[in-house]
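Asks: what follows is a predicted structure for the sequence shown.
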Amino acid sequence: MTRTGSTAAGTAAADVRIAVDNPATGAVIGHVEDMTAEAVASSVARARRAQQDWARLGFRKRAALFTSAQRWMLAHRQEITDSVVEENGKAEEDAIVEVVYCVAAFSYWAKHARRLLAQTKVRSLSPFVLGRGMYTRREPLGVVGVIGPWNNPLINSFGDAIPALAAGNAVVLKPSEHTPLTALLMERMARECGWPRDVFQVVTGAGGTGQALADTADFVMFTGSTATGRAVAARAGERLVPCSLELGGKDALVVLADASVERAVNVAIHGALFNGGQTCTSVERVYVEAPVYDAFVARLRERFHEVGVGRSAGLGSTDVGAMTFPPQLDTVEDHVQDAVKRGARVLAGGHRVDGSGRFFEPTLLVDVDHSMKCMRDETFGPTLPVMKVGNAEEAVRLVNDSSYGLQASVIGSDISRARRVAERLEVGCVTINDAQTNYMALGLPMGGWKGSGLGVRHGAEGIRKYTRTQAISVNRFPMRRDPHMLPFDASSYRFILRMVTALYGRRRSRTK
Ligand code: NDP
C-alpha cells in the first residue's frame, strides 16, 4: 500500500512530489510534496497566529492535550511502529524504542514544564537597587522550526517538538525527505486529538524546504549532519535567531582492564548495532586496555556471528535492519575498505548483502588505528573497529583525538576509576557500564561538544532554550530622587563607597 502525505499547507505547495521508499525492500511506499519556500512561509505565518492562543491556554490545558495524544499513540502504537519500520527499514524493536520515548516524553514535559519555566526571584546587594523586587519570567519564542534527520523519524523530529509545544510555542516540523511519513502521522494525531489548528504542522520536502524553515522560524531545532548544522547556524546567526544543533558523532567505548568482559561485549554490540548503527550516539570505536583485549575480542567475534541482519517481519525477526539513506551504504563500504587497505583485519562481516534491500553485514574490525577513516569519520553503519591500548591514559588521548564530542562509554568494575576516566573525556555525555541509555532519561541533558553540536535537548535547558527571558525589576516605594541620580552629590557617592567597602572589603579580609 502506498501513502500520499497531505500537509496543512499542501494547497500552496509546488507540484513536485518526492517518492519515499522502504529501504528494506526498495519498494516505493508513498509520495510527499516538495514544498516551496512560499508554502513554508505560509505554514509559519499560520503557526505564528495559532501560537498566541496556544500560549494563553496555559500549562495545565496543554498538558491535557498531551495526555490525549499520549493515549492516541498508545492506541495506535502498531500503526506508528509499522510506519517507522516501513520508511526507515529498521528492526521493529528499534522502532518501538522511538514510540516508547515519545509516549514517556508527553508525561515528562507535561509534568515538568511549568516548574522548569517558572518565575525566579532575584536578589542583589547592589546599593543602586536597594529595596527593589526583581524576578525573571519566560515567554515562548513563537514558532519553533524543528528539522530532523532520517535515522530516527520519530524521536529526533517529533520528540523535539514536544518540549517546544509544552513551553507554549507552535511547531513547524520538517522531517527528512527520506522518512517523512511518520511525521505526517503525528500531524494526523494532533488533528484527531483536538489540538488547536496550525499549532503543530509538518512541511515536507528536501533540503530547500529545511532552509526555508530555518529562514522563517523564531528558533531552529536542528538534528543532522555537522556540515548542514554549520549552514543552519550561519543562517540563524545572520537572522539573529537562536538555534540548537544536535549533530554527528564518533562515539567511543573504553573497556578498562577490570571490566566484566561479558558486559563490555554486550554493551559494545548493542551500542554499535542498535538501529543498524545509524544513531548519532552509536558506539563507533572501541579502545580496550591490553590485559583484557584478547578475551574481549574473542567473545565479541563469537557474538557478532550471532547477530541477524535483514528485513523486519515483526518482533524477534531481525537484529540489524536496512541502511535508510542510499549513499550511506557507500560510506560504510568505503570505511571498511579503507581500513583493510591500511592493515585492518575483518573478523566478521565486511560486505553489502545482495538483494533488493539496502543491507550491510555487521562488521567487526581489529588492528585499526587513527590513520583510518573508520576511527576518525562518522561511519553511521553496523561496523565496530576495536583498538588495543596500553592503558587508560592512551585511551583518553585517543578518545579526545576527534573533531566530534557527542558521547562516550566507559566499562569497568572500579566505578571511581571509571568516573575519573569519564570526566577527562571531551564529550557532552558519558555512560559508565552502559551505552546510549542516557537518551531515555529526559531529566539528563543530552548534547554534543566540539563538532557535535551546540546546546542540549532534555533537562532544564532542553525546554528553557525554547523561551526568552524577561527580567523585571520593581521599585515599589520610589523616592522622588535616588542618591545616585544626577545632579551628582559627593556625599551620596561617599556613602555608596562606604557601603561597598563594608560589604565586600570585610568579606575579602575574612577570606584572607
Ligand atoms: P542532514 O544534515 O543531511 O539532514 C538533516 C535535515 O536537514 C534533513 O531534514 C535535511 O533535509 C535538512 N536539510 C538539508 N539541507 C538543509 C539546509 N541547507 N537547511 C536546512 N535544512 C537542511 O543529516 P541526515 O539526515 O543525513 O542525518 C544524519 C546525521 O544526523 C548524522 O550525522 C547523525 O549523527 C546526525 N544525528 C545527530 C543526532 C544528535 O542528537 N546529535 C541524532 C540523530 C542524528 P533532507 O533530508 O530532505 O535533505
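Replies: Alright, I've got the coordinates.
Asks: beta partners for residue 345?
Replies: Legend: beta-bridge partners of residue 345 under DSSP bridges are residue 366.
Asks: run a quick neighbour tally on it.
Replies: Other residues near residue 345 come to 12 when the count uses other Cβ atoms under 10 Å. C-betas here are computed from N, CA, C, even on glycine.
Asks: got a list of what it touches?
Replies: By Cβ atoms under 8 Å, 6 or more residues apart in numbering, the residues touching residue 345 are 365-367.
Asks: and residue 393, how far from residue 426?
Replies: Using Cβ to Cβ, to the nearest Å, residue 393 is found at 15 Å from residue 426.
Asks: what parts of the chain come near the ligand?
Replies: 147-152, 156, 174, 176-178, 206-207, 210-211, 214, 223-225, 228, 231-232, 246-249, 280, 325, 378, 380, 406, 448, 453 (Cβ under 6 Å from any ligand atom).
Asks: the residues you listed in helices, which ones?
Replies: 207, 210-211, 214, 228, 231-232 (DSSP state H).
Asks: need these in CSV (columns: pLDDT, neighbour count and distance to residue 434).
Replies: Shown next, in CSV, are those (pLDDT from 0 to 100; neighbours: other Cβ atoms under 10 Å; distance: Cβ to Cβ, whole Å):
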residue, pLDDT, neighbour count, distance to residue 434
207, 97, 14, 35
210, 98, 25, 33
211, 98, 19, 37
214, 98, 24, 34
228, 98, 20, 29
231, 97, 16, 33
232, 98, 22, 31
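Asks: list just the nearest of these to residue 167.
Replies: Minimum distance to residue 167 across those is 19.5 Å, recorded for residue 214 (Cβ to Cβ).
Asks: give me the number of residues near residue 483?
Replies: Neighbour number of residue 483 under other Cβ under 10 Å is 15.
Asks: checking it next. Helix, strand or coil?
Replies: coil (DSSP: H, G, I helix; E, B strand; the rest coil).
Asks: tell me the pLDDT of the closest residue in space to it that isn't next to it in sequence.
Replies: Closest residue in space to residue 483, ignoring its immediate chain neighbours: residue 492 at 3.6 Å, by Cβ to Cβ, 6 or more residues apart in numbering. Looking at residue 492, its pLDDT is 94.
Asks: what separates residue 492 from the ligand, distance-wise?
Replies: 55 Å (Cβ to the nearest ligand atom, to the nearest Å).
Asks: for the nearest residue to residue 252 once chain neighbours are set aside, helix, strand, or coil?
Replies: Spatial nearest neighbour of residue 252, chain neighbours left out: residue 399 (4.4 Å); criterion: Cβ to Cβ, 6+ apart. Applying three-state DSSP to residue 399 yields a three-state assignment of helix.
Asks: surely residue 399 meets residue 287?
Replies: Yes. Applying Cβ atoms under 8 Å as the test, residue 399 and residue 287 come out as touching, 6.8 Å apart.
Asks: quick check: neighbours shared by those two?
Replies: What both residue 399 and residue 287 touch, as defined by Cβ under 8 Å, 6+ apart, is the set 252, 254.
Asks: circling back: from the ones in helices among the residues of the chain next to the ligand, which is closest to residue 504?
Replies: Among those, and counting by Cβ to Cβ, the member closest to residue 504 is residue 232, at 44.3 Å.
Asks: so that closest one sits against residue 221, correct?
Replies: No. The pair residue 232 / residue 221 is not scored as a contact, 9.9 Å apart, by Cβ under 8 Å.
Asks: name the residues contacting each of those two.
Replies: Any residue near both residue 232 and residue 221 by Cβ under 8 Å, 6+ apart counts here, and that gives 147, 243.
Asks: need phi/psi at residue 388.
Replies: In terms of degrees, to the nearest 10, the main-chain angles of residue 388 are phi -80, psi 140.
Asks: what's the distance between the closest residue to the ligand within the stretch 251-400 of the chain and residue 171?
Replies: Nearest residue of the stretch 251-400 of the chain to the ligand, counting by Cβ to the nearest ligand atom: residue 280, 3.0 Å away. In this structure, residue 280 and residue 171 are 21 Å apart, going by Cβ to Cβ.
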